[in-house]
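Asker: next input, structure requested:
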Amino acid sequence: MSRVGRVERITKETSVVVEIDLDGSGKVDVSTGVGFYDHMLDQLGRHGLFDLTVKTEGDLHIDSHHTIEDTALALGGAFKQALGDKVGIYRFGNCTVPLDESLAQVTVDLSGRPYLVHTEPEKMAPMIGEYDTTMTRHILESFVAQAQIALHVHVPYGRNAHHIVECQFKALARALRYASERDPRAAGILPSTKGAL
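Answerer: Okay, the predicted model is just below:
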């Protein structure tokens, strides 16, 4: 049974289509108009082994905020849709990823309850190309709100802004991959004592 999600989100500010296949091979086709964001979404698909298609047209003549935010919201919704009933998955996942001088630690629970804990170095470059580095937290907030997952992201140290952000996306990709994979020992079992996720 395929685990595919598709969300189309159209507002006066943006038009977004996101498709994700959790059991893919890391094929990515992303276009948001924000180069560095495209690069981060590429990391998410490739390291998560998700087939990911993102097509966003936004009001970039204003700035990149709406484009980035609405893409993250649609991505979270598509991820939740693809998870389906969550029967037989591992549910929890974590990964620590270094990128030169930076380190990201990510832990996820596909709990059905949105919660984000996020820490990263306060002093870093404010922009990476057209990407506002303060948007990283907002991307995660938006994704978590729609995916309905608990997500803890911690970057204890780092110096280069590009590295600090990129290691977060790589670790997130791996943690989501591990959490959403099917556990061969739990076939047909929902990983919750509540009977619901």
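Asker: what are the boundaries of the helices in the protein?
Answerer: Defined through DSSP state H, the helices belonging to the chain, from first to last, are 35-48, 65-83, 135-147, 161-180.
Asker: and stretch 87-97, average pLDDT?
Answerer: Average pLDDT, stretch 87-97: 98.
Asker: identify the residues contacting it?
Answerer: Contacts to stretch 87-97, defined as Cβ atoms under 8 Å, 6 or more residues apart in numbering, come from residues 83, 103-111, 167, 170-171, 174-183, 186-192, 197. The way it works is simple: take the backbone N, C-alpha and C, and place the C-beta from them, glycine included.
Asker: for Ser15, which of the helices of the chain is the nearest?
Answerer: With Cβ to Cβ as the criterion, Ser15 lies closest to helix 65-83 of the helices of the chain, at 8.7 Å.
Asker: what about Lys55, how many neighbours?
Answerer: For Lys55, the number of neighbouring residues by other Cβ atoms under 10 Å comes to 15.
Asker: oh sorry, the question was meant for Tyr178
Answerer: When neighbours are defined as other Cβ under 10 Å, Tyr178 has 17 of them.
Asker: one step back: out of the contacts of stretch 87-97, which are buried?
Answerer: Judged by neighbour count, with 16 or more other Cβ atoms under 10 Å as the criterion, the buried members of these are 83, 103-111, 167, 170-171, 174-181, 190-191, 197.
Asker: between the helices of the chain, which one is nearest to Val17?
Answerer: Between Val17 and the helices of the chain, the shortest separation by Cβ to Cβ is 7.5 Å, and it involves helix 65-83.
Asker: I'd like to know which elements that closest one is packed against.
Answerer: Using 3 or more Cβ pairs under 8 Å, 6 or more residues apart in numbering; DSSP states H and E as the contact criterion, the secondary-structure elements in contact with helix 65-83 are strand 4-10, strand 14-21, helix 35-48, strand 51-58, helix 135-147.
Asker: try 6 Å this time
Answerer: In terms of contacts (3 or more Cβ pairs under 6 Å, 6 or more residues apart in numbering; DSSP states H and E), helix 65-83 is packed against strand 4-10, strand 14-21, strand 51-58, helix 135-147.
Asker: pull the contacting residues for the nearest residue to Phe36 once chain neighbours are set aside.
Answerer: Once flanking residues are discounted, Phe36 sits nearest to Tyr131: 3.8 Å by Cβ to Cβ, 6 or more residues apart in numbering. When contacts are counted by Cβ atoms under 6 Å, 6 or more residues apart in numbering, Tyr131 is found next to Val34, Phe36, Tyr37.
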